[in-house]
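**Q** Make a model of this:
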Amino acid sequence: MEESTFHAFDETIGLSLQDEQVSQRSTILRVYNYYRILISFLFLFLFLDPNFQRFVGSVNPDMFQKTILTYISVNILIGLTTLFVRVEVLSKTTPSLIILIGDIVCLTLLMSASGGVSSGLANFLIFTLAFGGGLIHGRVSTVLPAIAFILTIYDEFYLFFLDANTLRSFFQAGILGIVYFAANILFQTLSRQLRTRETEVRALEQRSQLIIERMRVGVVVVTDTDQPRLINQSAAQMLQVPGDRLSPKDHLPDILLDKISGWKQNPSPEVSPFTVYDTGPELLASFSLLNEPSSDSDTLVFIEDSTDVQKQAQQFKLASLGRLSASIAHEIRNPLGAISHAAQLLGESSSLDKGDKRLSEIIQNHTVRMNGVIENVLQMSSRQNAEPREVALQDWVGVFLEEFSAGVADELIIETEFLSEQLPIEFDPLHLSQVLGNLYQNGLRYSAKSTGENKLKVICGIDPNTGKTYLEVIDYGKGVDEDLIHNLFEPFYTTESMGTGLGLYLSKELCEANNARLSYSKADTGGSCFRIAFLT
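**A** Prediction:
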């Protein structure tokens, strides 16, 4: 698996580097085109200026004129061709070689018409050969200085035979030949080093991108206009953003943008957890400016799923509760049993009046309540780690309903609705029974208070935002007041005089131990809706 991944990765780098080399040659050819057009018109202007006619085209004005006009026409034609044909096509080896050889021939003819090497026009061949070293790589490139040197020497011999009385610059031509090769090889070396550096930088960039993409931590770069500049796969999954087709039009979740805005106003290292969707995981974000603090700085955002952190915290919490429960069992449970037994015996006494019997009942009721608190704490601290198993929720809910109904004397009205045929989850069945038992008991109690009937509605389906299974338990009570919702899952919090305040807290802990989330919302019935979002 890893070998195939890195093999594909190396192929991707190779293709990218080939593209970079083509782009580099295209840039060199484009610059060289401007250079060719510039010097061709420069030669024409010098030829037409009487002050320079003794230097340019002095030996053979007719040949110089025809050559320069042809050279200008070809240069303009090639320039127009680049408007209709991609420069990448012309920058390939064969087209580039034809263009460069043509330039060498034209410049040699212009040099010959101006008096040979002594005219100084041979120096322009040096620039042509230097550009050739950048456009054409390898041994083929050394053909260019060889052709230029042969033509330069040949031209000197040709002019010598035309006028033997004129001193020729054979030594200067030989030096120019060395310079031709040196310029070409030097530019080849510089071009090769540049390509090597680009290869290393590109490979490093590709590997960095691969590392970022494979990170479990979400990484997002956000512009000052709240647009995503970069997002890795983990962040895209957490935020439900299509990272594989990211564009400036993609909009990040408003809650994340609000967190970024709040952090910019008050750069605090602690940012409260948040969820993108009700059924999504709880996320933790940290922020940093990529550039110097300014109005247009990009913001780097690291996003983590707090599930792992919560699991670790839960382990510490359970360990502490285990020690606490052992202390409770020794210090409270036995004396509490004695108090309860004594109160019961006292209540059976025939010598007590009604007031004393009422006090005895109060003692017994509160000892029962305290014993319930102890039982719940012991149950929570002594329970084993979750052992999730694959459960077919649709079948399991039906079986659980039969078992739950068998243990209740009153008539139950529980409507069950399944919005999908396939509802697989991974959950410890024993823990799921405890959670649903608590939710069913709470819901039935509040429904009976409001309607006089023990009725509930249970809905199972798949969330369209996350594609994960959920289960909702809806009662027909009056719901929870808005100002009390934030305390709903806290331990020992209850609105019932005889409640322990640990049922919902224990249910939430069991859900988190099985990688699920228990949340509350107001139901359409006016009552409460408790949703279990199964994240696996």
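
**Q** Could you pull up the residues touching residue 222?
**A** Shown in contact with residue 222 (CB atoms under 8 Å, 6 or more residues apart in numbering): 228, 229, 252, 257, 260, 298, 299, 301. C-beta coordinates here come from the backbone N, C-alpha and C atoms, glycine included.

**Q** Which of those residues are buried, as a PyMOL select command?
**A** Of the contacts of residue 222, the buried ones can be selected in PyMOL as follows, counting by 16 or more other CB atoms under 10 Å:
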select buried, resi 228+252+260+298+299+301
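
**Q** For the contacts of residue 222, give me a markdown table that also has secondary structure and distance to residue 391.
**A** Formatted as a markdown table, these follow (DSSP: H, G, I helix; E, B strand; the rest coil; distance: CB to CB, whole Å):
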| residue | secondary structure | distance to residue 391 |
| --- | --- | --- |
| 228 | strand | 37 |
| 229 | strand | 42 |
| 252 | coil | 35 |
| 257 | helix | 38 |
| 260 | helix | 39 |
| 298 | coil | 45 |
| 299 | strand | 42 |
| 301 | strand | 36 |
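
**Q** Of the contacts of residue 222, just say which sits nearest to residue 64.
**A** Set against residue 64, the nearest of the contacts of residue 222 by CB to CB is residue 229 (56.5 Å).

**Q** Go ahead and confirm that closest one touches residue 223.
**A** Yes - contact criterion CB atoms under 8 Å: residue 229 and residue 223 qualify, at 5.4 Å.

**Q** Make JSON lines out of the contacts of residue 222 and add pLDDT and distance to residue 39.
**A** Below are the contacts of residue 222 laid out as JSON lines (pLDDT from 0 to 100; distance: CB to CB, whole Å):
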{"residue": "228", "pLDDT": "80", "distance to residue 39": "48"}
{"residue": "229", "pLDDT": "80", "distance to residue 39": "43"}
{"residue": "252", "pLDDT": "80", "distance to residue 39": "53"}
{"residue": "257", "pLDDT": "85", "distance to residue 39": "56"}
{"residue": "260", "pLDDT": "83", "distance to residue 39": "55"}
{"residue": "298", "pLDDT": "82", "distance to residue 39": "44"}
{"residue": "299", "pLDDT": "85", "distance to residue 39": "50"}
{"residue": "301", "pLDDT": "86", "distance to residue 39": "53"}
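
**Q** Between the contacts of residue 222, which sits nearest residue 115?
**A** Taking these together and measuring to residue 115 by CB to CB, the closest member is residue 229, at 60.4 Å.

**Q** So the closest one versus residue 416, what's the distance?
**A** 47 Å (CB to CB, to the nearest Å).

**Q** same deal with residue 341?
**A** 43 Å.

**Q** Excluding residues flanking it in the chain, which one is nearest residue 35?
**A** Leaving aside its sequence neighbours, residue 35 sits nearest to residue 127 (CB to CB, 6 or more residues apart in numbering; 6.8 Å).

**Q** where's residue 179, which helix or strand?
**A** helix 170-214 (DSSP states H and E).

**Q** overlap in contacts of residue 229 and residue 223?
**A** What both residue 229 and residue 223 touch, as defined by CB under 8 Å, 6+ apart, is the set residue 298.

**Q** if we can go back for a sec, and the residue nearest to residue 35, what helix or strand is that in?
**A** For residue 127, the enclosing helix or strand under DSSP H and E is helix 123-135.

**Q** List the buried residues for that helix?
**A** Neighbour count says helix 123-135 has 124, 125, 126, 127, 128, 129, 130, 131, 132, 133, 134, 135 buried, by 16+ other CB under 10 Å.

**Q** which is the next helix or strand following it?
**A** Going down the chain from helix 123-135, the next helix or strand is helix 143-162, by DSSP H and E.

**Q** So which bits of that following helix are buried?
**A** Judged by neighbour count (16+ other CB under 10 Å), helix 143-162 contains these buried residues: 144, 145, 147, 148, 149, 151, 152, 153, 155, 156, 159.

**Q** Please identify which of those residues is nearest to residue 463.
**A** Lowest distance from residue 463 to these (CB to CB) belongs to residue 144, with 67.2 Å.

**Q** what about residue 353, how many residues close to it?
**A** Residue 353: 7 surrounding residues under other CB atoms under 10 Å.

**Q** pLDDT at it, what is it?
**A** Predicted confidence (pLDDT) for residue 353: 78.

**Q** now swap in the one 5 residues further on and tell me
**A** With respect to pLDDT, residue 358 has a value of 79.

**Q** Am I right that residue 219 falls within a helix?
**A** No - counting by DSSP: H, G, I helix; E, B strand; the rest coil, residue 219 falls outside a helix, being strand.

**Q** Report the central residue of this structure.
**A** Residue closest to the mean C-alpha point of the chain, counted by CA atoms, centre = their mean, is residue 232 at 1.2 Å.

**Q** Not counting sequence-adjacent ones, nearest residue to that one?
**A** In space, and not counting its chain neighbours, residue 232 is closest to residue 219: 4.6 Å by CB to CB, 6+ apart.

**Q** and if you look at residue 291?
**A** residue 297 is the one closest to residue 291 (CB to CB, 6+ apart), at 4.4 Å.

**Q** Test my guess that the one you found contacts residue 290.
**A** Yes - using CB under 8 Å, residue 297 is in contact with residue 290, at 6.4 Å.

**Q** is it true that the residue nearest to the centre of the chain touches residue 213?
**A** Yes - counting by CB under 8 Å, residue 213 is a contact partner of residue 232 at 5.1 Å.

**Q** so what sits against both of these two?
**A** Common neighbours of residue 232 and residue 213 (CB under 8 Å, 6+ apart) do not exist.

**Q** For the stretch 251-400 of the chain, which segments are assigned as strands?
**A** Counting by DSSP state E, counting those that start in this stretch, the segments of the stretch 251-400 of the chain that form strands are 283-289, 299-305, 389-392.

**Q** Show me which parts of the first one are buried, residue by residue.
**A** Within strand 283-289, the residues scored as buried using 16+ other CB under 10 Å are 283, 284, 285, 287.

**Q** And stretch 356-370, by the same measure?
**A** Buried residues in stretch 356-370, counted by 16+ other CB under 10 Å: 360, 363, 364, 367, 370.

**Q** Quick check on residue 59: phi, psi?
**A** With angles defined as degrees, to the nearest 10, residue 59 sits at phi -80, psi -40.

**Q** give the contact list for the residue lying closest to it once chain neighbours are set aside.
**A** Excluding the flanking residues, the one nearest residue 59 by CB to CB, 6+ apart is residue 115, at 5.0 Å. Going by CB under 8 Å, 6+ apart, residue 115 touches 58, 59, 159.

**Q** how much space between residue 115 and residue 185?
**A** Per CB to CB, residue 115 is found 29 Å from residue 185.

**Q** swap in residue 506?
**A** Applying CB to CB to residue 506 and residue 185 gives a distance of 80 Å.

**Q** need the contact list for residue 63.
**A** Taking CB under 8 Å, 6+ apart, we find residue 63 in contact with 57, 109, 112, 113.

**Q** Let's see that with 6 Å instead.
**A** Neighbour list for residue 63: residue 113 [criterion: CB atoms under 6 Å, 6 or more residues apart in numbering].
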